[in-house]
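>>> I need the structure of the sequence given here:
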Amino acid sequence: MDRNELEQFKTPEKTNLSTVLGGRWFNELGSVMVISTAKSGILQGQYNSKVGDASSWYILQGTYDKDGTENSGTIAWAVTYNNDISGNSQSTCSWSGQWQILNGEPVIYTTWLLTSQTDKGDNWKSTRTNKDYFCRHFPKDPKIYSILASRFPN
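A predicted model of the protein is given here:
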């Protein structure tokens, strides 16, 4: 998916739970997700990670609280790192958190779990955890911005 394809996903102007979440999101490390939502609470899309050995786009599937308030709600999704470009990485990441409207802008705060396949003796080191913050704009860090700009030129 190139920048022109991403342009079809505009940030919605009205505060409707299914539309406020749809579109393009960037995390603090420069990863990009593009999601579409259904009024039923289902979301789907694609995720492009800028960290680790991941490359190109991966399928994203999840859900959100369709009965959340006008300014916040819960959200969760998962990505299995398996695509035609990189093959199967034998790992899946899941994000769980909440979206909020802060200063008029939607943001998503999550905690993630990345689980990789290991031998049975190494199960103790199969899962990593951390947090991500997603917003509608390119991150302001110049290093991250330059990576994103090279991937999605004007």
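>>> okay, CA-based contacts and neighbour counts for the rest of this
Fine.
>>> Can you name the next helix or strand after the helix or strand harbouring residue 59?
Assigned by DSSP states H and E, residue 59 falls within strand 58-64. Downstream of strand 58-64, the first helix or strand assigned by DSSP H and E is strand 72-83.
>>> Only alpha carbons, please: show that next one as PDB.
Output in PDB follows, covering the C-alpha atoms of strand 72-83 (Å, rounded to 0.1, in the frame of the first residue of the first chain):
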ATOM      1  CA  SER A  72     -13.300   7.100  24.900                       C
ATOM      2  CA  GLY A  73     -13.600   3.300  24.600                       C
ATOM      3  CA  THR A  74     -11.600   0.100  24.600                       C
ATOM      4  CA  ILE A  75      -9.900  -1.400  21.600                       C
ATOM      5  CA  ALA A  76      -7.800  -4.500  20.800                       C
ATOM      6  CA  TRP A  77      -6.200  -6.100  17.800                       C
ATOM      7  CA  ALA A  78      -3.700  -8.700  16.700                       C
ATOM      8  CA  VAL A  79      -1.200  -9.100  13.900                       C
ATOM      9  CA  THR A  80       0.500 -12.400  12.900                       C
ATOM     10  CA  TYR A  81       3.800 -11.600  11.200                       C
ATOM     11  CA  ASN A  82       3.300 -13.700   8.100                       C
ATOM     12  CA  ASN A  83       3.200 -12.200   4.600                       C
END
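>>> contact partners of it?
43, 47, 54, 57-68, 87-101 (C-alpha atoms under 8 Å, 6 or more residues apart in numbering).
>>> average pLDDT across stretch 75-90?
On average, the pLDDT along stretch 75-90 is 92.
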